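predicted structure and sequence below. I'll ask about it afterward.
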Protein chains: 2
Amino acid sequence: MKVWNARNDHLTINQWATRIDEILEAPDGGEVIYNVDENDPREYDAIFIGGGAAGRFGSAYLRAMGGRQLIVDRWPFLGGSCPHNACVPHHLFSDCAAELMLARTFSGQYWFPDMTEKVVGIKEVVDLFRAGRNGPHGIMNFQSKEQLNLEYILNCPAKVIDNHTVEAAGKVFKAKNLILAVGAGPGTLDVPGVNAKGVFDHATLVEELDYEPGSTVVVVGGSKTAVEYGCFFNATGRRTVMLVRTEPLKLIKDNETRAYVLDRMKEQGMEIVSGANVTRIEEDANGRVQAVMAMTPDGEIRIETDFVFLGLGEQPRSAELAKILGLDLGPKGEVLVNEYLQTSVPNVYAVGDLIGGPMEMFKARKSGCYAARNVMGEKISYTPKNYPDFLHTHYEVSFLGMGEEEARAAGHEIVTIKMPPDTENGLNVALPASDRTMLYAFGKGTAHMSGFQKIVIDAKTRKVLGAHHVGYGAKDAFQYLNVLIKQGLTVDELGDMDELFLNPTHFIQLSRLRAGSKNLVSL
Amino acid sequence: MKVWNARNDHLTINQWATRIDEILEAPDGGEVIYNVDENDPREYDAIFIGGGAAGRFGSAYLRAMGGRQLIVDRWPFLGGSCPHNACVPHHLFSDCAAELMLARTFSGQYWFPDMTEKVVGIKEVVDLFRAGRNGPHGIMNFQSKEQLNLEYILNCPAKVIDNHTVEAAGKVFKAKNLILAVGAGPGTLDVPGVNAKGVFDHATLVEELDYEPGSTVVVVGGSKTAVEYGCFFNATGRRTVMLVRTEPLKLIKDNETRAYVLDRMKEQGMEIVSGANVTRIEEDANGRVQAVMAMTPDGEIRIETDFVFLGLGEQPRSAELAKILGLDLGPKGEVLVNEYLQTSVPNVYAVGDLIGGPMEMFKARKSGCYAARNVMGEKISYTPKNYPDFLHTHYEVSFLGMGEEEARAAGHEIVTIKMPPDTENGLNVALPASDRTMLYAFGKGTAHMSGFQKIVIDAKTRKVLGAHHVGYGAKDAFQYLNVLIKQGLTVDELGDMDELFLNPTHFIQLSRLRAGSKNLVSL
Ligand SMILES: Cc1cc2nc3c(=O)[nH]c(=O)nc-3n(C[C@H](O)[C@H](O)[C@H](O)COP(=O)(O)OP(=O)(O)OC[C@H]3O[C@@H](n4cnc5c(N)ncnc54)[C@H](O)[C@@H]3O)c2cc1C
Ligand SMILES: Cc1cc2nc3c(=O)[nH]c(=O)nc-3n(C[C@H](O)[C@H](O)[C@H](O)COP(=O)(O)OP(=O)(O)OC[C@H]3O[C@@H](n4cnc5c(N)ncnc54)[C@H](O)[C@@H]3O)c2cc1C
């Protein structure tokens, strides 16, 4: 094992990027990156096992509070799966999906090329990601060392000995606490042929794809990852069949919003089979996938394909640590923690995807920080709740709070404000329109593609209970809007804000059109 | 004058769109649209002169409060200049500019066509807008009549007789109050040749452009409109020269942000001449522009062109009304009002662009509503302040609160959190990246195009004083973020929010990386 003592090397971001790439490509696995402050006499307040979103943010917080920390990660960069094979590639693919839908819709018009027969390379875009991901990787290592002053040992699996002891790079490190942050890995299917060549998940896709998939893609799953990758594959110009065990996108709770999302997916040609259970993946003589068999409500189907994507949710990476430390696990393999992020073992905390859903960056990062605060003596509880959420199809879909049906079921008298409004023209209306949907709004026969949006309001208290948006450019807003809604935002307060028109969420001005009335009615 | 009594006709949005188009195209000017409730015995609480953003929203509010209103507008649709020749076409053009920058940057790669020699039709995009603008127009008339229950007379200039009396469609209408909302019109230049064929402003551009401009565009002006249209012209593939009397984009107050914006414009090939005074527009024998002459710090220049765009700000349309009613005007021709939106004449209010800056939709609409509330007996003051703002280049640029220099000058001890950070790699860093900038983040040599962002924080109080963003998808967020910042948002509170990663404003998670520290330092 070669160890590079990086402590006194001050690499720039780009130098880090190159160095990380070299390590990732090294046939022998490359050197250990050793950035430990040998001059600090203090015992570690915590060692973080894993330096992904949770471990890195927790470390930064602990350090900022004056504590001492160490991260040990098996990868040569910090930041974890997100920049390496999860959120970041997904966003690149989703951006491509949005651009491709636009190019296909206006194929041959304006500056858009004729897309009729055009099949865009999946591998080409994956390769773009792979070639560029050292950029974000470099930032993580640079920022963590030079700006956040973190100690870390990378490209080095952590060997946990007990709740105070970790072995890494041939040395033994002692800490007052351990914070487990090893994340989750892609779930899989228990069917014959699942290991055939040509069957990918989000991690293997970007690591292993070495051929250009054929004309048909089969996606297994019906939630975020499945839909996000599926829409990208579809947008490249391939037949894309989604096999969904129950129903797709159940996490979008407002029915009308969900229907809009699914209709647009289908309009782009996506085939969605609900109630489909994959029974077998057929391999050819070379161990390469040639078809997927599934049992559906209409009987068994067989789809020929050389490319299968499993988008089945994530599995906490808990088994090994649970065995060593004797951790209590939940039914999905998640490490059980209390509100202080403490596991069942004294001085051992767990954070991020390892503790189960919601498996999102905000929870990973915040749970890391909250664990750090507890380690540093604050007694502070964290349970994610009332958070906004989003996903991508060819669009961005953002949502928070209650859907219309849910709000009614909870006993609220409801009014809604939405766009397009309920009219005889249905969706065939040039609003909502905003950045990135203007061409749809003005194109011939494409007005219905300009998006959908809705807020759900309690008619009596006038409080906004939920917000739902399909389009582009509203996701970021939902972060802040959610805070205001948790404060008890009323439709009148909303209507009194200053809109930046054309704003993707037309909520402010639409609310203003109703704010004046004593008895609220829908719009 | 033909009058169509529309009261009992209930057109759909699309029927309205067609009808409005017919009227706009009618050689004789078309019929008056007469939608007055002859059965309501009440006197009008207010007649709105002009049914643009200000008049229409004010009317809706007044109606919602139980009052009676009438709008008289010279155009056959409500909504005013915004959907007809201002915000909406500008957003279509800005969307095209963003898409074209992307297509040019990745010219010949992935699915992008070879753009090297490609000049995109300006007229073609203008025509797209013209063909589609009846869509938004239709919504306005439909919503105002069927959902908001407004009374209106359209396609009919209002003849104001006195502060209670208006003549329209050959009838005389009485009201307790008048609310003047006739907006503003494009400013012009006092130089020879300014009326040559080929010299446009934002209004004439979409009404009159009947040829495809040549290879050089001259834009006069350096603020929002000039830059927004200029970037679009540039993105179509034409040499674009901006002649700016003082300095471009002075309204972006944070220096670093402004520099990023201007650098990217220049990188796209825009030529910006500061300190340039246009002295003459040369016409050819047919009265068509052939060149623009300007005095610059480096001497006189002459630029050959057949297409000049004046983006010179707006001029309140106050002259005629001021004469009839005896209104006090301000130095820029704006109707002077007090905080209750009352003019110098009893029972006459004025709202929107007519009362001067900020000439933005939020102010037009809100001032309309606040005037209505005063008319209806609330005593409520409105002066726009501390609002967020934005503009488009090839990017979206959003800003609120103080710039860094301004905050220091105000005596604050400042820390900033920004992306990319200050490093030896400068902007050559793949972050910020988010929706619509992912290709830049991952492309070869394009990382610096992925945007710039910064928050300005008071080191002592930890309050966020300002936020600045160049990229896409943050504009909507700034609406809500601004409210939180006015509440006194601290960096710690910001860092405790739930981000929707990859969020265009990386503010939340970046703040979290610093939130733990007692003594804030920049990041
Ligand atoms: C396809 C996909 C798309 C996603 N998109 C989004 C999105 O858009 N927005 C969003 O908010 N969330 C998204 N997520 C979720 C997000 O990626 C996770 O919630 C987040 O990365 C979890 O962070 P973590 O720190 O818990 O785990 P990770 O980031 O996975 O970090 C775990 C770290 O532990 C290390 N490790 C594992 N075992 C060991 C060991 N034995 N020794 C040392 N180190 C070890 C790993 O190398 C890794 O660095 C997405 C997830 C997927 C799968
Ligand atoms: C190019 C451009 C782009 C812009 N982009 C944005 C943007 O992106 N976001 C933003 O917030 N703001 C933008 N603005 C500003 C915004 O358009 C204005 O602030 C807003 O339209 C003003 O509304 P108003 O009701 O005061 O005037 P208008 O909307 O102009 O309405 C005035 C109405 O009065 C009518 N009228 C005039 N004279 C008479 C008469 N004698 N009798 C009867 N009716 C009459 C007109 O027909 C018109 O309908 C932009 C402006 C321009 C010029």
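That came in fine, so what should we check first? Residues are numbered from 1 along each chain as shown, chains lettered A, B, ... in the order given. Ligands and ions are numbered 1, 2, ... in the order given.

quick one: contacts for the residue in the stretch 401-523 of chain A that ligand 1 sits nearest to?
Minimum separation of the stretch 401-523 of chain A from ligand 1 (C-beta to the nearest ligand atom) falls at residue A:475, amounting to 9.7 Å. All C-beta spots, glycine's among them, are computed from the backbone N, C-alpha and C. Residue A:475 is in contact with A:390, A:396, A:398, B:435, B:473, B:500, B:503, B:504, counting by C-beta atoms under 8 Å, 6 or more residues apart in numbering or on different chains.

got a pLDDT number for the closest residue to the fourth one other than its chain neighbours?
It stands for residue B:435. Nearest residue to residue B:435 in three dimensions, chain neighbours excluded: residue B:473, at 5.1 Å (C-beta to C-beta, 6 or more residues apart in numbering or on different chains). Each residue has a pLDDT score; the one for residue B:473 is 98.

what is the neighbour count of residue B:473?
28 (other C-beta atoms under 10 Å in any protein chain shown).

wouldn't it be in contact with residue B:395 here?
No: counting by C-beta atoms under 8 Å, residue B:395 is not a contact partner of residue B:473; they are 10.6 Å apart.

and the residue in the stretch 301-450 of chain A positioned nearest to ligand 1, how many neighbours does it have?
Ranked by C-beta to the nearest ligand atom, the top residue of the stretch 301-450 of chain A for proximity to ligand 1 is residue A:352, at 2.1 Å. Neighbour count for residue A:352, taken as other C-beta under 10 Å: 35.

and residue A:339, by the same measure?
12.

surely it meets residue A:385?
No: applying C-beta under 8 Å as the test, residue A:339 and residue A:385 come out as separate, 11.3 Å apart.

ok, the residue nearest to the spatial centre of chain A - contacts?
For chain A, the residue sitting closest to the mean C-alpha position, by C-alpha atoms, centre = their mean, is residue A:87 at 4.8 Å. Counting by C-beta under 8 Å, 6+ apart, residue A:87 makes contact with A:361, B:501, B:502.

tell me which residues touch residue A:132, please.
By C-beta under 8 Å, 6+ apart, the contact list for residue A:132 reads B:430, B:441, B:442, B:443.

just the ones of these in helices?
In helices, defined here by DSSP state H, the members of these are B:441, B:442.

hang on, residue A:328 packs against residue A:334?
No: judged on C-beta under 8 Å, residue A:328 makes no contact with residue A:334 at a distance of 10.0 Å.

which of these two has more neighbours?
residue A:334 (20 against 12).

any idea how far that one lies from residue B:349?
Separation of residue A:334 from residue B:349 (C-beta to C-beta, to the nearest Å) stands at 61 Å.

residue A:10 too?
Residue A:10 is 64 Å from residue B:349, by C-beta to C-beta.

ditto for residue A:37
Note on residue A:37: its distance to residue B:349, by C-beta to C-beta, is 68 Å.

more neighbours: the two, which one.
For residue A:37 and residue B:349, the more surrounded residue by other C-beta under 10 Å is residue B:349, and the numbers stand at 28 against 13.

mind listing what the more buried one touches?
So residue B:349 contacts B:46, B:177-180, B:337, B:340-343, B:371, B:374-375 (C-beta under 8 Å, 6+ apart).

now it: which helix or strand?
strand B:348-350 (DSSP states H and E).

how about the following helix or strand past that strand as CSV, C-alpha atoms only?
As assigned by DSSP H and E, the chain's next helix or strand after strand B:348-350 is helix B:361-375. C-alpha atoms of helix B:361-375 as CSV (Å, rounded to 0.1, in the frame of the first residue of the first chain):
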residue,chain,number,x,y,z
MET,B,361,-44.7,43.8,-13.3
PHE,B,362,-44.8,43.4,-9.5
LYS,B,363,-45.0,47.1,-8.9
ALA,B,364,-47.6,47.6,-11.6
ARG,B,365,-49.8,44.9,-10.3
LYS,B,366,-49.4,45.7,-6.6
SER,B,367,-49.9,49.4,-7.1
GLY,B,368,-53.1,48.6,-8.9
CYS,B,369,-54.3,46.5,-6.0
TYR,B,370,-53.2,49.0,-3.4
ALA,B,371,-55.0,51.8,-5.2
ALA,B,372,-58.1,49.6,-5.3
ARG,B,373,-57.9,49.1,-1.6
ASN,B,374,-57.7,52.8,-1.0
VAL,B,375,-60.6,53.4,-3.2
